[in-house]
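S.K.: Got a predicted structure here, sequence first:
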Amino acid sequence: MADPTTDPSTPPAPQPCLSLKRDEDEPLVRLCGLHKAFGDLVVHRDVSIDIPRGQVTVLLGPSGTGKSVLLKQIVGLLRPDQGEVWFDGQRIDNQPERALVPWRKRVGFLFQMAALFDSLTVGQNIAFPLVEHTDQKPAERERRVARVLELVGLPGIEDKMPAALSGGQRKRVALARAIVLEPCLILYDEPTTGLDPMSSDVINELIVALSGEMGLTSVAVTHDLASARKIGDRFVLMADGGVVAEGSPADFDASRDPVVRRFMDGQADPQDIERIRAAFGPGSIQEENASDAVPFPRPERRRKPRSQSVGGAAG
């Protein structure tokens, strides 16, 4: 029997991220005083966050608070207007595009809608980063693709097309593609959006396993509090362009901050409630215009003819 350590047909087991051998107290990613605006829309105001190594940091907050924009700044798809982005002790926001390529190989990105290539098979989708960024031979790529499909619990589906997969399976294939280059950091943008509870839990389990077993550092954007509680080591709550609170899930559960409590308890902002009630209360537009309103004609109900039984009497 061939030695599995030398047999070329046996893919190597994933190794923990090498950056974990550095100072454990040094964050893998450090965001310092980020400001970002799109025209008159200010998204971030002086945002500073440290992303600890080997942990899952969950970015929480209402829609439109710039959580996904923050992920794009971490990976270099967007650049801050002010502030600094550091990765593994090196500042990257001021680097030219070409210099970011080696760093991006160490980052996996799970897009919100999976972002698979519809015209490629599952195997070709997962192998795409290997084709673009390595000089591996086809046989090596095939072994690596098979290995990551095993890790996400979908062995043997290399020849299927994305259209033949369920939503949960597409997310798992996209996650396999995100880890095929053995990154140190994975960014998840709404990883459970659009999935049923069971498929969501599979994704949650994979995130936990990748962090715990492979030592990966993860940043996840989600509105799913059940998912956040299962995967998160740290929570960061964003609102009004900045960081409102950060800490462990237990810290958030114990917090008395009104913004934290409203988000964790799923309660609307009182001002929004008042505006809605005022719109439907006395003096509302509906009442003011009631006298001028043209009533819609009420449709007549059409009586269905009474069906006759097969054995009914003849007329």
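M.R.: Structure's in. What do you need? Numbering: from 1, shown residues only.

S.K.: Please make it C-alpha for all contacts and neighbour counts, starting now.
M.R.: Noted.

S.K.: what does stretch 152-168 contact?
M.R.: Contact with stretch 152-168 is made by 116-124, 145-146, 149, 169-170, 172-173, 175-176, 194-195, 199-200, 203, 206, as judged by C-alpha atoms under 8 Å, 6 or more residues apart in numbering.

S.K.: Name only those of those that count as buried.
M.R.: 116, 121-124, 145-146, 149, 169-170, 172-173, 175-176, 195, 199-200, 203, 206 (16 or more other C-alpha atoms under 10 Å).

S.K.: Now do the SS call for Gly83.
M.R.: Reducing the assignment at Gly83 to three states with DSSP: H, G, I helix; E, B strand; the rest coil gives strand.

S.K.: and what of Ala146?
M.R.: When the structure is reduced to helix, strand and coil (three-state DSSP), Ala146 reads as helix.

S.K.: Distance of the residue lying closest to it once chain neighbours are set aside relative to Ile179?
M.R.: Among residues not flanking Ala146 along the chain, Pro155 sits closest, at 6.6 Å (C-alpha to C-alpha, 6 or more residues apart in numbering). The span separating Pro155 from Ile179 equals 15 Å under the rule C-alpha to C-alpha, to the nearest Å.

S.K.: what about these two, which has more around it?
M.R.: Using other C-alpha atoms under 10 Å, the more surrounded residue of Pro155 and Ile179 is Ile179, with 24 against 13.

S.K.: Do you know the pLDDT at the more buried one?
M.R.: Note on Ile179: pLDDT of 92.

S.K.: residue contacts, it?
M.R.: The contact partners of Ile179, taken as C-alpha under 8 Å, 6+ apart, are Gly108, Val148, Ile186.

S.K.: Just give me the closest of the residues you listed to Asp233.
M.R.: Minimum distance to Asp233 across those is 14.6 Å, recorded for Ile186 (C-alpha to C-alpha).

S.K.: Wait, a strand at the closest one?
M.R.: Yes: secondary structure assignment places Ile186 in a strand (three-state DSSP).

S.K.: pretty sure it contacts Gly215?
M.R.: No: using C-alpha atoms under 8 Å, Ile186 is not in contact with Gly215; the gap is 11.0 Å.

S.K.: Could you check the pLDDT of Gly153?
M.R.: Gly153 carries a pLDDT score of 92 in this model.

S.K.: in the stretch 151-300 of the chain, which spans are strands?
M.R.: Listed from the start of the chain, the stretch 151-300 of the chain has strands (DSSP state E, counting those that start in this stretch) covering 185-189, 217-221, 234-239, 242-247.

S.K.: Any chance of CSV for those, columns mean pLDDT, mean neighbour count and distance to Asp272?
M.R.: Formatted as CSV, the entries for the strands of the stretch 151-300 of the chain read as follows, by pLDDT from 0 to 100; neighbours: other C-alpha atoms under 10 Å; distance: least, C-alpha to C-alpha, whole Å:
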stretch, mean pLDDT, mean neighbour count, distance to Asp272
strand 185-189, 94, 25, 27
strand 217-221, 95, 26, 24
strand 234-239, 95, 22, 15
strand 242-247, 94, 17, 19
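
S.K.: In a markdown table: those, plus distance to Asp25.
M.R.: Putting the strands of the stretch 151-300 of the chain into a markdown table (distance: least, C-alpha to C-alpha, whole Å) gives the following:
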| stretch | distance to Asp25 |
| --- | --- |
| strand 185-189 | 16 |
| strand 217-221 | 13 |
| strand 234-239 | 15 |
| strand 242-247 | 16 |
